[in-house]
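*Asks:* need the 3D shape of this:
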Amino acid sequence: MLWRKAWVETRWRALIGLGILLCAAGAMVLVYPQVMRLVPSVPPDDGSTITRQIREAAALMRDYRGYVFAQWFRQSLPQLWTIMAALLGSGGLLTQGTALFTLSLPVSREQLSRVRAIVGLGELLALAIVPTLLVPLLSPAVGESYPLGDALLHALCVFVAGTVFFSVAFLLSTAFADVWRPLLLTLAVAVALVSVEQLLRTRAVHGIFGVMSGDSYFRTGRLPWLGLSASALVSLVLLWIGTVSIARRDF
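*Replies:* Numbering: from 1, shown residues only. Next up, the predicted model:
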């Protein structure tokens, strides 16, 4: 019953997110020929940040593998998936209209929190893998191919590193009795991290979004084990704090 309840409460968020990500993945693959025709028109380097970013992206897109990495694994998937992680992590036992019924069930608060966390993480795993599988499946439609193994490894990087945002929203939901404040605060954290990484020019190497994109795997063939391990540890700690917090809360 607990598993079904957790799924029912979040299913529309997950299904709508899945639909958006599938559309984004399909569009990214199908517009590849048109994008390739625009690459030769990249402006010369004038020293501006925008021009530098455009030229960097164009350099990555010299082949199909680089195009998929630049457009999907470094941009669209982490951005959209982070929004969904924040949304699925927000709202919990304190959400108005469900708290009294949920707390009346003959199970501990720790069990309720664990079930909610596991269901949310399962949904996010599907949101990382299923749309990404569309990339190798659709690639022959534009005369290209993409390795299935590479696609799955990049998707797992997005999931493992990105669970930090789900965990932040999960923890904030133990303090706020609505969905929107945990959601907005988590997205604010994500924006702050992106801004810091861009200022330090380490987004593709050391920052959490660089780990999510699997930048080191794309460039060297080595997974970012340190970043993935650190992200997983932070996520577990935040989830544990959130579970303890809700268990000790006086309703």
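*Asks:* Ala24 sits in which helix or strand?
*Replies:* Assigned by DSSP states H and E, Ala24 belongs to helix 2-30.
*Asks:* state the mean pLDDT of the following helix or strand past that helix.
*Replies:* Moving toward the C-terminus from helix 2-30, the next helix or strand (DSSP H and E) is helix 32-38. Helix 32-38 comes out with an average pLDDT of 81.
*Asks:* other residues contacting helix 32-38?
*Replies:* Helix 32-38 is contacted by residues Met61, Tyr64, Tyr67, Gln71, Val142, Glu144 when judged by C-beta atoms under 8 Å, 6 or more residues apart in numbering. Bear in mind the C-beta positions are built from the backbone N, C-alpha and C, glycine included.
*Asks:* for that helix, output the C-alpha coordinates as PDB.
*Replies:* What follows is helix 32-38, C-alpha atoms only, in PDB (Å, rounded to 0.1, in the frame of the first residue of the first chain):
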ATOM      1  CA  TYR A  32      21.000  17.000 -36.200                       C
ATOM      2  CA  PRO A  33      21.300  17.500 -40.000                       C
ATOM      3  CA  GLN A  34      20.000  21.100 -39.700                       C
ATOM      4  CA  VAL A  35      22.400  21.900 -36.900                       C
ATOM      5  CA  MET A  36      25.400  20.600 -38.900                       C
ATOM      6  CA  ARG A  37      24.500  22.900 -41.700                       C
ATOM      7  CA  LEU A  38      24.800  25.900 -39.300                       C
END
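*Asks:* buried ones in it?
*Replies:* Of the residues in helix 32-38, Tyr32 count as buried by neighbour count, 16 or more other C-beta atoms under 10 Å.
*Asks:* could you say what helices and strands the helix holding Ala24 packs with?
*Replies:* Helix 2-30 makes packing contacts with helix 77-89, helix 109-138 when contacts are defined by 3 or more C-beta pairs under 8 Å, 6 or more residues apart in numbering; DSSP states H and E.
*Asks:* in the last one, what counts as buried?
*Replies:* In this case it means helix 109-138. Neighbour counts over helix 109-138 (16+ other C-beta under 10 Å) mark 109, 112-113, 115-117, 119-121, 123-125, 127-128, 131-132, 134-136, 138 as buried.
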